[in-house]
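Asks: all I have is the shape, not the residue letters:
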């Protein structure tokens, strides 16, 4: 039993790291959602056995390091293999990044032991509030990186997925952490889990949004352009020909190409090629959305543009990736060791109108912008379809791709909208409004995903209120956990 461990810090630290590493199994591609409460119950038990705030701090840090070093190790791949950074710098940089992420469970461990209440139910409430608050703070501090927030472990078929349209991913973090903590009183914990599962199943039966209009045909293009070839001038014409041929062979009302499918400025694309794409898109009285660069050499944007029967429209990425798309102040020396092209983008406007294409209103987002649910809902209720253009070739054949698809599934759940994903190397997919993957292409293949998609109208509670209900729940549990009783 975890609660009978001896008071020896080194053993606790090692066990915490192992539990953190096992926690990655709760997320894609493994998706052992049922394991998450048990893993976080183990973390809670280790914190209860810690004798001092310092031991709680080290226990949280160890858990976080095990979790993030195993869960986001693909950061090293992007820096070294594709970013061109020498291993002696990429390795420490990736380790430092994971350590920064581990500071959040570390802080939770210290705060928990510093103000640990006497009563068990208060301890469980405080633990859940601190863990979920850490996930939420990670979503905005230093531009945000909420990857592997605990709630992402509960995409379908988890019955807790029914809470996503109400509370969002951070509300799910609260529920998983709380039910996990209560598992140490196994009758109470199992009862709560059974109750949450029953309520979640019931919530899954509610149609928060409704279909609008007729379905449209879609073609999602996966070019599978090797990252090392993507920006080479000698590969440019081959890339143009590949995408033109794939579009020509797969007519659809709405065609999506990946992020920076054409890594040049829009006005650098041959005029005849642009005209050919317009003509191909217009065959079905439709449109295509493709990734390219807009602006000029002074201010340029990572953009998605539309071509076809509708007027040309532009969406420019607003939430940029540090180091990959902009250089934080004081880190120019660091980026000098990498060879990442176009790493000084300008930010697009925070709120942009959905693209009016193929008779629909499509909310475009680029790459990891779909990690930020509170930003995705800015396009609601106007948009009936969500569309993500990505190029995760930067991360190779790693956990990043299935994890990113799982994130997209959560956005579909929260908004009650379908999510279309067009990616360079994977995972290209059609996600239904209930979070189920309707269809997907095998990663690292060249192909086209053909299907149909139905726009949805209305708005979910999460779409209306965002993260505020989850924040209120965290605050309530925090107050309950810190409340002093006579």
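Replies: Everything's here; your move. Keep in mind that this is a model prediction, so the values were computed, not measured. Numbers count the residues shown, from 1 in each chain.
Asks: give me the pLDDT for residue 230.
Replies: With respect to pLDDT, residue 230 scores 71.
Asks: can you classify the residue nearest to it when sequence neighbours are not counted by secondary structure?
Replies: Closest residue to residue 230 apart from its sequence neighbours, by C-beta to C-beta, 6 or more residues apart in numbering: residue 263 at 6.0 Å. The C-beta positions use only the backbone N, C-alpha and C, and glycine is treated the same way. Reducing the assignment to helix, strand or coil with DSSP: H, G, I helix; E, B strand; the rest coil, the entry for residue 263 is coil.
Asks: and residue 263, how far from residue 106?
Replies: 39 Å (C-beta to C-beta, to the nearest Å).
Asks: how about residue 249?
Replies: Distance, residue 249 to residue 106, by C-beta to C-beta: 53 Å.
Asks: wouldn't residue 276 be in contact with residue 243 here?
Replies: No - under the contact definition of C-beta atoms under 8 Å, residue 276 does not touch residue 243, with a separation of 10.5 Å.
Asks: who has more neighbours out of those two?
Replies: Neighbour tally, residue 276 and residue 243, criterion other C-beta atoms under 10 Å: the higher count belongs to residue 243, 22 against 16.
Asks: ok, the more buried one - contacts?
Replies: With contact set as C-beta atoms under 8 Å, 6 or more residues apart in numbering, residue 243 has these partners: 221, 223, 257, 261, 262, 290.
Asks: elements contacting the helix or strand harbouring residue 131?
Replies: Taking DSSP states H and E as the definition, one finds residue 131 inside helix 120-138. For helix 120-138, the helices and strands in contact under the criterion 3 or more C-beta pairs under 8 Å, 6 or more residues apart in numbering; DSSP states H and E are helix 36-49, helix 87-114, helix 164-182, helix 468-482.
Asks: which residues of this structure score low on pLDDT?
Replies: In the prediction, the chain carries residues with pLDDT under 70 at positions 1-9, 81-83, 228, 323-343, 485-486.
Asks: make it 80
Replies: Counting by pLDDT under 80, the low-confidence segments of the chain come to 1-10, 78-85, 227-234, 296-298, 322-344, 394, 484-486.
Asks: is residue 416 in contact with residue 212, as I believe?
Replies: No - taking C-beta under 8 Å as the definition, residue 416 is not a contact partner of residue 212, at 11.4 Å.
Asks: overlap in contacts, those two.
Replies: Both residue 416 and residue 212 are in contact with residue 456, where contact means C-beta under 8 Å, 6+ apart.
Asks: counting neighbours, go ahead and name the busier of the two.
Replies: The residue with more neighbours, out of residue 416 and residue 212, is residue 416; 26 against 14, by other C-beta under 10 Å.
Asks: contact partners for that one?
Replies: Residue 416 neighbours (C-beta under 8 Å, 6+ apart): 165, 208, 209, 433, 456, 458, 459, 460, 463.
Asks: beta partners for residue 301?
Replies: Per DSSP bridges, residues listed as beta-bridge partners of residue 301: residue 294.
Asks: show me what the helix or strand that residue 188 is a member of is in contact with.
Replies: Using DSSP H and E, the secondary-structure element containing residue 188 is helix 186-204. With contact meaning C-beta under 8 Å, 6+ apart, helix 186-204 is reached by 37, 41, 158-163, 165-166, 175, 178-183, 434.
Asks: before we move on, the earlier item: could you dump the contacts of residue 243 into JSON lines and include neighbour count and distance to residue 301?
Replies: Formatted as JSON lines, the contacts of residue 243 follow (neighbours: other C-beta atoms under 10 Å; distance: C-beta to C-beta, whole Å):
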{"residue": "221", "neighbour count": "27", "distance to residue 301": "21"}
{"residue": "223", "neighbour count": "23", "distance to residue 301": "21"}
{"residue": "257", "neighbour count": "27", "distance to residue 301": "17"}
{"residue": "261", "neighbour count": "24", "distance to residue 301": "15"}
{"residue": "262", "neighbour count": "22", "distance to residue 301": "14"}
{"residue": "290", "neighbour count": "26", "distance to residue 301": "14"}
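Asks: which residues in the stretch 301-450 of the chain form helices?
Replies: Taking DSSP state H, counting those that start in this stretch as the test, the helices found in the stretch 301-450 of the chain are 332-335, 373-376, 400-415.
Asks: can you say which of these is packed in most?
Replies: Across the helices of the stretch 301-450 of the chain, averaging neighbours per residue (mean count of other C-beta atoms under 10 Å) puts helix 400-415 on top, at a mean of 25.
Asks: helices or strands up against it?
Replies: Of the remaining helices and strands, those touching helix 400-415 by 3+ C-beta pairs under 8 Å, 6+ apart are helix 164-182, helix 373-376, strand 385-390, strand 419-423, strand 429-431, strand 437-440, helix 461-465.
Asks: could you redo the last one with a cut-off of 6 Å?
Replies: If you count contacts as 3 or more C-beta pairs under 6 Å, 6 or more residues apart in numbering; DSSP states H and E, helix 400-415 packs onto helix 164-182, strand 419-423, strand 429-431.
Asks: tell me which element residue 244 is part of?
Replies: In the assignment (DSSP H and E), residue 244 maps to helix 236-248.
Asks: and after that helix, which helix or strand comes next?
Replies: The C-terminal neighbour of helix 236-248 among helices and strands, as given by DSSP H and E, is strand 254-256.
Asks: direction included, what does that next one pair against?
Replies: When sheet partners are counted by DSSP bridges, strand 254-256 sits next to strand 210-222 (parallel), strand 287-295 (parallel).
Asks: helix or strand right after the longest one?
Replies: Put plainly, it is strand 210-222. As the chain continues past strand 210-222, the following element, by DSSP H and E, is helix 227-230.
Asks: which neighbouring elements make contact with that next one?
Replies: By 3+ C-beta pairs under 6 Å, 6+ apart, helix 227-230 packs against no helix or strand.
Asks: ok now it, how far from the chain's centre?
Replies: On the basis of C-alpha atoms, centre = their mean, to the nearest Å, helix 227-230 sits 24 Å off its chain's mean C-alpha point.
Asks: nearest spatial neighbour of residue 219, skipping sequence neighbours?
Replies: In space, not counting the residues next to it along the chain, residue 219 is nearest to residue 252; the distance is 3.7 Å by C-beta to C-beta, 6+ apart.
Asks: within the helices and strands, which one has residue 275?
Replies: Assessed by DSSP H and E, residue 275 sits inside helix 271-282.
Asks: out of the helices of the stretch 301-450 of the chain, nearest to residue 280?
Replies: helix 400-415 (26.5 Å; C-beta to C-beta).
Asks: picking that back up, for the residue nearest to residue 219, list the residues it contacts.
Replies: Residues touching residue 252, when contacts are defined by C-beta atoms under 6 Å, 6 or more residues apart in numbering, comprise 217, 218, 219.
Asks: what residues are bridge-paired with the second one?
Replies: Listed beta-bridge partners, residue 218: residue 254, residue 451 (assigned using DSSP bridges).
Asks: surely it and residue 254 touch.
Replies: Yes - using C-beta atoms under 6 Å, residue 218 and residue 254 qualify as a contacting pair, with a distance of 4.8 Å.
Asks: quick one: the nearest residue to residue 386 once chain neighbours are set aside from residue 167, how far?
Replies: On the basis of C-beta to C-beta, 6+ apart, the spatially nearest residue to residue 386 that is not a chain neighbour turns out to be residue 419, at 4.5 Å. Applying C-beta to C-beta, one obtains 19 Å for the distance of residue 419 from residue 167.
Asks: between the two, which is the more surrounded one?
Replies: Neighbour totals were compared for residue 419 and residue 167, and residue 419 leads with 30 against 25 (other C-beta under 10 Å).
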